[in-house]
Structures are given as structure tokens and as C-alpha cells.
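1. need a 3D model of the following:
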Amino acid sequence: MNSNRLLIGLGIAFFAAFILAVFVYREFKAVSAPVVAVPTHVIVVANDALPLGTRLDGSNVKTIPWPDNQPIDGVMTKVEDVTGRAVITNVAENEPILEAKLAPVASGAGLPATIPDGMRAVSVAVNDVVGVAGFVIPGTTVDVLATSTAGGPAGAQTRTILENVRVLAAGQKIEQDRDGKPETVPVITLLVSPEDAGKLTMASLEGKIQLALRNTADTKATNPAPVLQSVLFGGVAPAETHAVVVRARPAAPAPYVIEVINGGKPEMKNFSNQSAPAQP
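-> Down below sits the predicted model:
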């Protein structure tokens, strides 16, 4: 009985020793295996989280090695190439700095650096209602509705003058709250084309504007028809107007001129050339 237990114990010990030997052999083999060097190059990354509009310099960016076999399109490789330029979007810590995320050279920092070439930033006065209860914040998109009381026979009318407009700033803030909290501000700055800048300014001066908040993923233009006061509250469409054409009367025909001798003296008499009206 004791000899059987001894044999079992020896078998377990030999098995455990075998497993340990295999493990040690594999570890030594892994350590002694040659390390293949991977070619690298340096790229520029953010040293800290960078808010939109931040001007870059040697204090907020750094370089790190990056494998040559994993290239990144548009990545910057020299700190001096990004110095003095501003980021046009938020950049996370250790995120590579891309050319597409930088404002053009000498474009400044802050809000001006976030305006693309050919676009304009226009500010409009808002309140709690116009600003959609404070939820119109930087980075959101809106439609702009204008209401004019000078609508002619149809009365006042509301028209969507701009669609899918990006909000650049709310008040003096160009980045939104991390928690997405609403904020009541007196002014909203929108990114528009030069032509739309004129429309927005005219609507602000001649009527009332309203911002309609939309999902940032919804970029489809709907071009809704204008809403007329007479239709909305009157229930009927405004009467059509027809142009009245006034035809000019033809010129009267020249009169007949007949020489009449009266008492031996000739006289010139004029007689009408108009035909007598037909008798019924």
C-alpha cells in the first residue's frame, strides 16, 4: 500500500518537473531570440489636450518615434513646421498633428483661425427663444428662418433663408461645454459664405430671425416653402392678381378738305373723315 503511494507521488513529481522544464526552456528561447529592429521616423503629437484655436509652439507639442510601415497621411514631422499655427479642431493628448487640423500659415489664433478660406463669420443677436433655450452652442448646426411683416397682400411671411449653418461661437466661447450644458448668450456667430452673410444681415435688420437646431449628422437640404400669414391663419390662398392691359385708341383719320366758292370767294372747308355709326 505504501509502495503504491510512493510510486504515485514520484509520478506526480516527475510530471511537474517536466512541465517546469518545458516552461523554462521556452522562456530562455524567447529571451535569446534576436530582436528585429523596426525602422522608425519621428512625428509631431500634442503634448497635452489642445482646445480649438490654440496656437502651437514647443511647449504644447512633442515628437515621438513612429514605425515606417504604419504611415499617417498628412502628419507633421517637425516642430518648427507647426510653430505659430493654430489648430482648427480639438486635439487630444498624444494625438498626431495633421496638416488638415491646422489653420493656414499666418492666419492667427482663436476664432479667425477657424474660418476657412472664402467663408465669413457673422454674429447675430439672440435671446432664449432664438437661441433654442441655450442649446445653440459651438459646433452645432442650425437653419435660419426670417420673418418679414412687409409681405404685401399676403401679409407677413416666414422663409428659411439658410440651411445647415455651422455655429462658430456662442458669446465669446468657441468651444462647447464638455457636458453639453446649454448656455444663454446674447450673440451667436455663424459660419457662412459671403453671399449668405448679406442675406443674414438683411434678415436681421429688416425682420426677425429664428434659429432651428438640427442634428449635426443631418446635412440634407430641404428648401421648405415660405409660410404666408394669410394662408396659415386665413385658411385660403391669396387671390391671384392679373395685369390689366389698356389698349391705346387708334388715331382719328385726317379730315376731308374741300374748296367751296361762296359769293365768288373760294373757301377751304374741313369735313370729318369718321364713318357714321351703323344703324341697328
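
2. give me the domain ranges for the protein.
-> Domain ranges of the chain: 37-114, 118-234, per automatic domain parsing.

3. what pLDDT, on average, does the first one get?
-> This points to domain 37-114. Regarding domain 37-114, the rounded mean pLDDT is 90.

4. for that domain, how far is the first residue from the last?
-> The first and final residues of domain 37-114 sit 41 Å from each other (C-alpha to C-alpha, to the nearest Å).

5. chain center to it: distance?
-> Counting by C-alpha atoms, centre = their mean, to the nearest Å, domain 37-114 is centred 24 Å from the centre of its parent chain.

6. the longest one too?
-> Taking C-alpha atoms, centre = their mean, one finds the center of domain 118-234 at 12 Å from the center of the full chain.

7. one step back: can I get the domains of the chain in JSON lines including mean neighbour count and distance to Ala16?
-> All C-beta atoms are positioned from the backbone trio N, CA, C, and that covers glycine. Shown next, in JSON lines, are the domains of the chain (neighbours: other C-beta atoms under 10 Å; distance: least, C-beta to C-beta, whole Å):
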{"stretch": "domain 37-114", "mean neighbour count": "15", "distance to Ala16": "39"}
{"stretch": "domain 118-234", "mean neighbour count": "15", "distance to Ala16": "55"}
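
8. and the longest strand for the chain?
-> Longest strand in the chain by number of residues, with DSSP state E as the criterion: strand 157-170.

9. looks like Ile64 contacts Ile43 (just checking).
-> Yes: counting by C-beta atoms under 8 Å, Ile43 is a contact partner of Ile64 at 6.4 Å.

10. so what touches stretch 150-166?
-> 139-149, 190-192, 196, 199-200, 203, 206, 210, 212, 214, 218-219, 221-224, 226-231, 238-239, 241 (C-beta atoms under 8 Å, 6 or more residues apart in numbering).

11. show the backbone phi and psi for Ala16.
-> For Ala16, the backbone dihedrals (degrees, to the nearest 10) come out as phi -60, psi -40.

12. start at 289 instead
-> Sure, I'll start numbering at 289, so the last one becomes Ala304.

13. rewinding a little: quick check: neighbours shared by Ile352 and Ile331?
-> Contacts common to Ile352 and Ile331, judged by C-beta under 8 Å, 6+ apart, are absent.

14. where along the stretch 389-538 of the chain do the strands fall?
-> 408-413, 429-436, 445-458, 475-480, 496-502, 515-516 (DSSP state E, counting those that start in this stretch).

15. follow-up on the earlier one: for Arg314, which of the domains of the chain is the nearest?
-> With C-beta to C-beta as the criterion, Arg314 lies closest to domain 325-402 of the domains of the chain, at 23.3 Å.

16. follow-up on the earlier one: would CSV of the strands of the stretch 389-538 of the chain with distance to Ala388 and mean pLDDT be doable?
-> Shown next, in CSV, are these (distance: least, C-beta to C-beta, whole Å; pLDDT from 0 to 100):
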stretch, distance to Ala388, mean pLDDT
strand 408-413, 20, 90
strand 429-436, 20, 90
strand 445-458, 17, 91
strand 475-480, 17, 92
strand 496-502, 25, 90
strand 515-516, 40, 84
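
17. now distance to Ala309 too, for these, in a markdown table please.
-> As requested, the strands of the stretch 389-538 of the chain are exported to a markdown table (distance: least, C-beta to C-beta, whole Å):
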| stretch | distance to Ala309 |
| --- | --- |
| strand 408-413 | 73 |
| strand 429-436 | 67 |
| strand 445-458 | 67 |
| strand 475-480 | 70 |
| strand 496-502 | 69 |
| strand 515-516 | 86 |
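
18. so which of these is nearest Asn357?
-> Among those, the nearest to Asn357 by C-beta to C-beta is strand 445-458 (37.5 Å).

19. between the closest one and strand 496-502, how many degrees?
-> 70 degrees (axes from the mean of the first three to the mean of the last three C-alpha atoms, to 10 degrees).
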